[in-house]
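Student: predicted model and sequence follow; I will ask about them next.
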Amino acid sequence: MKVLIIGGGVIGITAAYYLAKSGVSVTLLERCSAAGMETSAGNAGFVSPSDSFAWASPSALTMAVKSLIFPDMGIKFRPGLDPHILHWGLKFLNQCRPSKWRQNSDIKFRLAEYSLALMRELENETNIQFDTLEKGIIYACRDQNALDDLEHHFEFLSERGLELQTLNRRELLDSNPALKSKPDTYAGAVYSPTCKTGDSRKFSQALVQWCETTGNCQFEWNTHVQKINMSNGNISSVLTSKGEFKADMYVLCAGAYSGILSQQVGIKLPIYPIKGRSISAPIVNPDMAPKTGFDDVQNMVAVSTLGNRIRIASSAVFNGFNLNHTPEDFKSILNLAHEVFPEAADYSKAEYWSGLRPMTPSSTPIIGPSGIKNLFLNTGHGHLGWILACASGKITADNIMGNKSEFEYGFATGR
Ligand SMILES: Cc1cc2nc3c(=O)[nH]c(=O)nc-3n(C[C@H](O)[C@H](O)[C@H](O)COP(=O)(O)OP(=O)(O)OC[C@H]3O[C@@H](n4cnc5c(N)ncnc54)[C@H](O)[C@@H]3O)c2cc1C
């Protein structure tokens, strides 16, 4: 069987890996010059079932209103009159009910745990390197009230088996020596020891090299998919900037752009591009760099040490496919860098980056049949595509090969 994958982010590349292992012939089409160059390039790097909470929650509306009042907040909700966001927003509101929030967070957590286990197997098999740090993730709070709230919030995941520890201020300072320069900044933290951090672009590019050794994968870079052709209710070919490609089966993994492509064949996908930003700066003093993944909960800023770089990510901007940014947009990220990890890196050499989270209203990805017999969907991973990549790729390959999946994923639409 010949399978054609559209999109070479971490989701498409990981699907290619599992399909190639199953023995099918895979061709992957990607418009960039290499793997993982768009949203998978600059994310926070957290491989963390502890972040499985759905964004559509009973408190989401309050946060949206606050974002209109406080312009410096990480969330910027500027809906305007774009019919896409209004339509998506109504669906999102429907998912904010407590029962939906619990259901969506539960499925994401189980998917994330499955994915983490698969990632360990993948690392053992391929031995690829992607700047992993297996030291867990710390969620730090600036005052006791916030810490109490966070502990209560995390009960949802500890009840489901996630190992979590509360750190008092002293234990928090011991975990990350850089924090000792301003010891009163945080009251304490919740620590998730089984989570880790790593670079999803490095992962994607190293996995491409491994896949090429199987002889089952062909990667077509700089190949822009322009049109999906149909014949007799099935996909007959895709037209690209490099000509026409045909296969028996097609898999859509085009991240935030999946809905634009699927519309050509009459499928509406509820995916909205939510912009996020990060900086990556060269580490100049490793002793003062984060020793774990680190999340400033109240400021919604995530920090990782990725090899010889520090990555600091934040913000959720509702502004369509606009990827523009100005230095001013990175003020809150840089403020946190200078406040909490001031000596770790040379921030004057930071690279500034923006990317689009492919977000569904429920925050659950769309993995499953499309309604068109030879088109499979693997997209809409929102804020968690890095951690969910292995599970999504394995479920995709199992479905296409007709194997019983170890994980019954029933949320194929993302709603
Ligand atoms: C600031 C920020 C922080 C984040 N932090 C985390 C985190 O800590 N942990 C986590 O798990 N997730 C995180 N995420 C989310 C994660 O990065 C995404 O969910 C994930 O990268 C999505 O992967 P993807 O392959 O679906 O999309 P992408 O990486 O965008 O890949 C899609 C690919 O499709 C290609 N494409 C699109 N259209 C076409 C076309 N017409 N023809 C050819 N190719 C096409 C694109 O070029 C692109 O390479 C974060 C995201 C952001 C923005």
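Tutor: Arrived safely.

Student: state the pLDDT value of residue 414.
Tutor: On the pLDDT scale, residue 414 is placed at 52.

Student: hang on, I meant residue 86
Tutor: The predicted local confidence for residue 86 is 86.

Student: which strands or helices does the host helix or strand of it pack on?
Tutor: Taking DSSP states H and E as the definition, residue 86 sits inside helix 83-94. The contact analysis (3 or more C-beta pairs under 8 Å, 6 or more residues apart in numbering; DSSP states H and E) places helix 83-94 against strand 272-282. In short, each C-beta sits where N, CA and C put it, glycine included.

Student: residues contacting the residue in the stretch 51-200 of the chain that the ligand sits nearest to?
Tutor: Proximity of the stretch 51-200 of the chain to the ligand (C-beta to the nearest ligand atom) peaks at residue 200, 6.1 Å away. Counting by C-beta atoms under 8 Å, 6 or more residues apart in numbering, residue 200 makes contact with 10, 36, 40, 41, 43, 45, 130, 385, 386, 389.

Student: again with residue 273
Tutor: Contacts of residue 273 (C-beta under 8 Å, 6+ apart): 256, 320, 321, 356, 357, 358, 359.

Student: can you do 10 Å?
Tutor: Contacts for residue 273 (C-beta atoms under 10 Å, 6 or more residues apart in numbering) come out as 39, 84-85, 255-257, 259-260, 317-323, 355-359.

Student: show the subsequent helix or strand relative to the lengthiest helix in the chain.
Tutor: Secondary structure of the chain per DSSP state H: the longest helix is helix 98-126. For helix 98-126, the following helix or strand on the C-terminal side (DSSP H and E) is strand 137-141.

Student: returning to that earlier point: near the ligand too, which of the contacts of residue 273?
Tutor: Filtering the contacts of residue 273 for neighbours of the ligand using C-beta under 6 Å from any ligand atom leaves 39, 255, 257, 355, 357, 358.

Student: quick check: closest non-adjacent residue to the second one.
Tutor: Right, the one you point to is residue 255. In space, and not counting its chain neighbours, residue 255 is closest to residue 358: 4.6 Å by C-beta to C-beta, 6 or more residues apart in numbering.

Student: partner residues bridging that neighbour?
Tutor: residue 273 (DSSP bridges).

Student: same check, this time on residue 167
Tutor: With DSSP bridges as the rule, residue 167 is bridged to residue 189.

Student: now do the buried residues in stretch 109-128.
Tutor: With burial defined by 16 or more other C-beta atoms under 10 Å, the residues of stretch 109-128 counted as buried are 109-116, 118-119, 122-123, 126, 128.

Student: same list, those residues, but as JSON lines with distance to the ligand and pLDDT please.
Tutor: As requested, the buried residues of stretch 109-128 are exported to JSON lines (distance: C-beta to the nearest ligand atom, whole Å; pLDDT from 0 to 100):
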{"residue": "109", "distance to the ligand": "13", "pLDDT": "97"}
{"residue": "110", "distance to the ligand": "15", "pLDDT": "97"}
{"residue": "111", "distance to the ligand": "11", "pLDDT": "97"}
{"residue": "112", "distance to the ligand": "8", "pLDDT": "98"}
{"residue": "113", "distance to the ligand": "13", "pLDDT": "98"}
{"residue": "114", "distance to the ligand": "14", "pLDDT": "98"}
{"residue": "115", "distance to the ligand": "9", "pLDDT": "98"}
{"residue": "116", "distance to the ligand": "11", "pLDDT": "98"}
{"residue": "118", "distance to the ligand": "14", "pLDDT": "98"}
{"residue": "119", "distance to the ligand": "11", "pLDDT": "98"}
{"residue": "122", "distance to the ligand": "15", "pLDDT": "98"}
{"residue": "123", "distance to the ligand": "16", "pLDDT": "98"}
{"residue": "126", "distance to the ligand": "18", "pLDDT": "98"}
{"residue": "128", "distance to the ligand": "17", "pLDDT": "98"}
